[in-house]
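Undergrad: Any chance you could fold what I've pasted below:
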Amino acid sequence: MINLYNQEDLLKRLDQLKADALPVFGVMGPQHMVEHLSYSTAMSTGRFPQKLYFTEEQAGRFKKMLLEEETFPMNFKAPMLGETPPPLSFNDLPAAIARLKKELDKFYSFFEENPGVTPVHPAMGAINRDEWIIFHNRHFTHHFQQFRLI
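TA: As a prediction, the model looks like this:
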């Protein structure tokens, strides 16, 4: 499993990602996947505030699945995402990876500077630092498996 706080390993794996790599599952290409991880990391620092898309009961089920299951199901699709990936935001994969590195740096300091804050995850609701770390570790692992980086 990816450890968000082992940045050397995480970045080493990302450096192996090729722009023309084909996914094992899902519809995202390599750059879409990196931009998706960047966006979710930015969400966790409150840069893109989210609303809860579900009832509290549904959010509780998502939270249990996302935080307690060892891995995400291979073809798991977040209900709030569209059928196809959004347009790319960056010119190329290296630029998208550079942005992800910046978002990770912001994540590492965010909760130290804002103790007790609970940014909203769109499927789980307000979650704390430790829950975001668990989510990101599993989320990154899921997408790294998508491109055989694990």
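Undergrad: C-alpha only now, for contacts and for neighbours.
TA: OK.
Undergrad: now for the helix or strand of the chain with the lowest mean pLDDT, which elements pack on it?
TA: Ranked by mean pLDDT, DSSP states H and E, the helix or strand of the chain with the weakest confidence is helix 56-68, at a mean of 84. Applying 3 or more CA pairs under 8 Å, 6 or more residues apart in numbering; DSSP states H and E, one finds that helix 56-68 makes contact with helix 129-146.
Undergrad: Kindly recompute the last result at 10 Å.
TA: strand 125-126, helix 129-146 (3 or more CA pairs under 10 Å, 6 or more residues apart in numbering; DSSP states H and E).
Undergrad: Could you name the stretch from the ones you listed that's closest to Phe72?
TA: Among the helices and strands packed on helix 56-68, the nearest to Phe72 by CA to CA is helix 129-146 (6.2 Å).
Undergrad: still on that earlier bit, next SSE downstream of the least confident helix or strand of the chain?
TA: helix 93-113 (DSSP states H and E).
Undergrad: which residues sit in contact with Glu68?
TA: Counting by CA atoms under 10 Å, 6 or more residues apart in numbering, Glu68 touches Phe62, Ile134, Phe135.
Undergrad: sorry, back to before: the helices and strands packed on helix 56-68 into a markdown table, with extra columns for distance to Gln50?
TA: Converted to a markdown table, the helices and strands packed on helix 56-68 look like this (distance: least, CA to CA, whole Å):
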| stretch | distance to Gln50 |
| --- | --- |
| strand 125-126 | 9 |
| helix 129-146 | 14 |
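Undergrad: And those: which comes nearest Gln16?
TA: helix 129-146 (10.6 Å).
Undergrad: Can you tell me the element the most centrally placed residue in the chain falls in?
TA: Nearest residue to the geometric centre of the chain (CA atoms, centre = their mean): Leu37, 3.8 Å. Under the criterion of DSSP H and E, Leu37 resides in helix 30-44.
Undergrad: Check Asp20 too.
TA: Using DSSP H and E, no helix or strand contains Asp20.
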